[in-house]
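S.K.: how would this look folded up:
(one chain, ligands or ions: 1)
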Amino acid sequence: MNNNQTLTRYIFITGGVLSSLGKGIASASIGLLLKQSGYSVTIMKFDPYINVDPGTMNPFQHGEVYVTDDGAETDLDLGHYERFLGESLSKKNNHTTGQVYFEVIEKERRGEYLGKTVQVIPHITDAIKNRMKLFDGKKDFVIIEIGGTVGDIESLPFLEAQRQMYLDLGRKRVLNIHLTYVPYIKSSGEVKTKPTQHSVKTLMEYGIRPEILLCRSENKLTKEIKSKIALFCSVEENSVIDVPDATHTTYEVPLTFKQQGLHNIILEKLGMKHVEPNLDEFKKFVDRIKRPTYEVTIGLVGKYTQYRDSYKSIIEAFIHAGSINNSRVNIEMINSEEIEVVGAEAKIGHLDGILVGPGFGKRGIEGKILAIKYAREHNMPFFGICLGLQCAVIEFARNVCGLKNAHSSEFEKTTQNVIDLMETQKSIKNKGGTMRLGAYPAIIAENTIAYKAYQSYEISERHRHRYEVNNQFRQILIDNGLVCSGLSPNGELVEIIELPNHPFFIAVQFHPELKSRVITGHPLFIAFIKSALREKRKKEKS
Ligand code: GLN
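M.R.: I've put the predicted structure just below:
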């Protein structure tokens with residue numbers, strides 16, 4: 001409903017008290033409500049770190065790196081936005097302090113500031129505001145999530161830009177929402193509002209007055225507590241919204257918001273027409289997550305297993321595929337290095353399927369290869385992603401083709417590097433933003449697991465890798481029974497491999513998890529869970 005197409009409204013979401021409160025989910029949930037009310041929406045994230053993008057960061061530091069169609073390596077919150085909105089975003093949706101300073105310093109070097117002293121205000125803040133306005137006139141709503149916690153030194157220029165946006169555009173076009181934490185103190189049985197009061201006070205010192213407070217708490221807040229927060233923080237009572245720790249799933253957050261009329265409050269404050277969001281399909285999707293009929297247990301084999309955010313999109317894709325199969329998907333994180341010590345049977349023998357995930361570096365590789373060998377030999381459903389495909393090819397080359405020294409040149413240079421650096425990568429020295437990144441098409445062969453899942457001969461999936469199947473060994477692999485069921489359109493790159501005569505053995509060079517969305521899921525994850533359920537049933541019968 002682009003009734004106000006040229007008059008974009010901006011909704012800022014800041015976070016207070018502590019990090020990891022779920023600002024990303026809150027932003028995505030508000031996006032979903034507005035979109036389902038018929039408005040056009042996009043969501044942007046401004047990250048206060050100095051890295052140009054998270055591409056060079058260790059997953060332990062920053063969680064998964066989310067890749068967009070246009071090849072930007074972005075914050076994992078973009079994953080939440082895409083999953084909830086069901087739309088593909090781009091590099092225009094994620095900005096970092098590093099990018100902003102890079103732009104300003106380059107401009108300074110070109111002499112474009114005409115002799116002026118270049119300063120945080122106005123030069124950095126102007127550059128930030130220009131980025132905040134990239135969708136101006138194109139969307140009814142632009143939701144802008146500011147990374148970090150209010151009070152951090154790093155986020156100050158972003159908050160200053162937010163303050164100025166309100167000043168420039170006025171209260172009918174800019175709405176400030178603050179997500180905060182209301183702790184429950186067990187020993188005294190009390191709920192404490194002071195941290196929230198302080199956080200709002202800090203925001204006000206920066207010249208930002210939040211009009212809506214989203215209060216993360218253990219349980220629902222009582223009316224008294226809400227009144228107290230409203231009074232002390234100077235917001236209307238109906239604008240104090242509960243975000244009780246989601247008992248089942250974060251996918252309940254949009255439903256909780258709708259129940260409290262958050263969409264109406266937002267539309268009212270921004271002078272927009274009220275429309276009731278249609279969450280019927282979404283609600284059914286969430287109900288199946290909460291009360292599934294079936295259950296399977298999948299092992300996620302990898303190296304970054306202590307930190308679940310490293311595999312955020314994979315875990316979400318499993319939740320989606322679970323809902324579609326009406327099944328709970330329990331995920332067991334399996335550290336592949338432990339498989340090297342105790343063997344595959346002990347670590348994965350009890351599972352209904354395994355997924356060997358993406359990764360970089362040699363550590364844990366042999367454990368992944370052992371896990372894949374076990375799955376191949378025991379008819380256990382197997383799904384490999386990126387490094388998972390590369391390990392599957394090494395395993396097959398070593399144990400089926402008899403190429404004993406098969407390896408990836410990322411880990412060891414041998415005469416049998418079945419996985420090797422792509423030609424286009426050989427001359428590249430810089431690490432940042434130089435992999436094969438973003439969406440590429442692939443052609444799917446008929447009568448394959450891949451075709452059965454996708455029901456299409458041409459697909460587009462997102463990539464993030466430097467290495468690929470070495471074509472010198474492709475024929476040997478094929479002669480021994482490996483099926484290359486997906487290839488780049490020119491036939492040069494292997495995108496999907498699979499094994500016939502196995503219940504489900506497929507691996508992909510790309511990242512399907514990045515395109516799994518609520519309600520619809522991703523075809524490969526759906527097919528994988530379906531086969532895991534089928535094999536589990538077979539086992540139970542025998
Ligand atoms: N390290 C491998 C490569 O660069 C795999 C990357 C990945 O799993 N995303 O090709």
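S.K.: which SS class is the most centrally placed residue in the chain?
M.R.: Centroid-nearest residue in the chain, with Cα atoms, centre = their mean: residue 79, separated by 2.9 Å. Of the three states, residue 79 takes helix under DSSP: H, G, I helix; E, B strand; the rest coil.
S.K.: contact partners for it?
M.R.: 64, 66, 312-313, 316, 514 (Cβ atoms under 8 Å, 6 or more residues apart in numbering). Quick note: C-beta positions are derived from backbone N, CA and C, even for glycine.
S.K.: now residue 271: how far from the ligand?
M.R.: 46 Å (Cβ to the nearest ligand atom, to the nearest Å).
S.K.: residue contacts, the nearest residue to that residue once chain neighbours are set aside?
M.R.: Nearest non-adjacent residue to residue 271, counting by Cβ to Cβ, 6 or more residues apart in numbering: residue 172, 4.8 Å away. Neighbouring residues of residue 172 by Cβ under 8 Å, 6+ apart: 9, 270-271.
S.K.: among those, name the ones in strands.
M.R.: Among those, DSSP state E puts residue 9 in strands.
S.K.: ranking the contacts of residue 172 by neighbours, who comes first?
M.R.: residue 9 (24 neighbours; other Cβ atoms under 10 Å).
S.K.: could you check the pLDDT of it?
M.R.: What the model reports as pLDDT for residue 9 is 97.
S.K.: and for the one 4 residues further on?
M.R.: Here, the pLDDT recorded for residue 13 equals 98.
S.K.: how about it, what does it touch?
M.R.: Residue 13 sits in contact with 23, 26-27, 30, 143-146, 177-179, where contact means Cβ under 8 Å, 6+ apart.
S.K.: bridging residues for it?
M.R.: residue 145, residue 177 (DSSP bridges).
S.K.: distance of it relative to residue 287?
M.R.: Distance, residue 13 to residue 287, by Cβ to Cβ, to the nearest Å: 27 Å.
S.K.: same thing with residue 353?
M.R.: Relative to residue 287, and taking Cβ to Cβ, residue 353 is found at 24 Å.
S.K.: ok, the closest residue to residue 185 other than its chain neighbours - how many residues close by?
M.R.: Once flanking residues are discounted, residue 185 sits nearest to residue 192: 6.0 Å by Cβ to Cβ, 6+ apart. Neighbourhood size, residue 192 [other Cβ under 10 Å]: 15.
S.K.: who's in contact with residue 192?
M.R.: Contact analysis of residue 192 by Cβ under 8 Å, 6+ apart lists 182-185.
S.K.: those: which two are farthest apart?
M.R.: Greatest spatial distance among the contacts of residue 192 (Cβ to Cβ): 182 and 185, at 10.7 Å.
S.K.: residue 353 and residue 287: which is more packed in?
M.R.: Using other Cβ under 10 Å as the criterion, residue 353 and residue 287 rank with residue 353 on top: 24 against 13.
S.K.: name the residues of the helix or strand of the chain with the lowest mean pLDDT that come out as buried.
M.R.: Among the helices and strands of the chain, helix 59-62 carries the lowest confidence by mean pLDDT, DSSP states H and E, at a mean of 76. Residues of helix 59-62 classed as buried by neighbour count (16 or more other Cβ atoms under 10 Å): 59, 62.
S.K.: which SSE is immediately downstream of that helix?
M.R.: Note on helix 59-62: by DSSP states H and E, the next helix or strand toward the C-terminus is strand 66-67.
S.K.: return the residues of this protein in contact with the ligand.
M.R.: Within the chain, the positions near the ligand by Cβ under 6 Å from any ligand atom are 358-360, 386-387, 410, 464-467.
S.K.: try 8 Å this time
M.R.: Applying Cβ under 8 Å from any ligand atom, we find that the chain lies next to the ligand at 357-361, 385-388, 390, 408, 410, 419, 435, 464-468, 511.
S.K.: show me just the buried residues among those residues.
M.R.: For the residues of the chain next to the ligand, buried by 16+ other Cβ under 10 Å: 357-360, 385-388, 390, 408, 410, 419, 435, 464-468, 511.
S.K.: filter those residues down to the ones in strands?
M.R.: Going by DSSP E, the strands hold 385, 408, 419, 464-465, 467-468 from these.
S.K.: residue 441 sits in which helix or strand?
M.R.: According to DSSP H and E, residue 441 maps onto strand 436-444.
S.K.: quick revisit: what about residue 182 and residue 185, which has more around it?
M.R.: Set side by side, residue 182 and residue 185 show more neighbours around residue 182, with 25 against 9, by other Cβ under 10 Å.
S.K.: wait, isn't the more buried one in contact with residue 213?
M.R.: No - Residue 182 is not in contact with residue 213 according to Cβ atoms under 8 Å; the separation is 9.3 Å.
S.K.: need the overlap of contacts for those two.
M.R.: 196, 229.
S.K.: how much space between residue 377 and the ligand?
M.R.: From residue 377 to the ligand the distance is 24 Å (Cβ to the nearest ligand atom).
S.K.: what is the burial count for that residue?
M.R.: Residue 377 has 11 neighbours, counted by other Cβ under 10 Å.
S.K.: pretty sure residue 183 is touching residue 193, no?
M.R.: No - between residue 183 and residue 193 there is no contact under Cβ under 8 Å: 9.3 Å.
S.K.: who has more neighbours out of those two?
M.R.: residue 193 (21 against 17).
S.K.: so who does that one touch?
M.R.: Residue 193 touches 182, 225, 228-229, 232, counting by Cβ under 8 Å, 6+ apart.
S.K.: go through the residues you listed and name the one nearest the ligand.
M.R.: Comparing the contacts of residue 193 against the ligand with Cβ to the nearest ligand atom picks out residue 182 as the nearest, at 39.2 Å.
S.K.: any idea what that closest one is bridged to?
M.R.: Going by DSSP bridges, residue 182 forms beta bridges with residue 217.
S.K.: show me which residues of the helix of greatest length in the chain are buried.
M.R.: Identified as the longest helix of the chain according to DSSP state H is helix 523-541. Residues of helix 523-541 classed as buried by neighbour count (16+ other Cβ under 10 Å): 523-533, 535-536.
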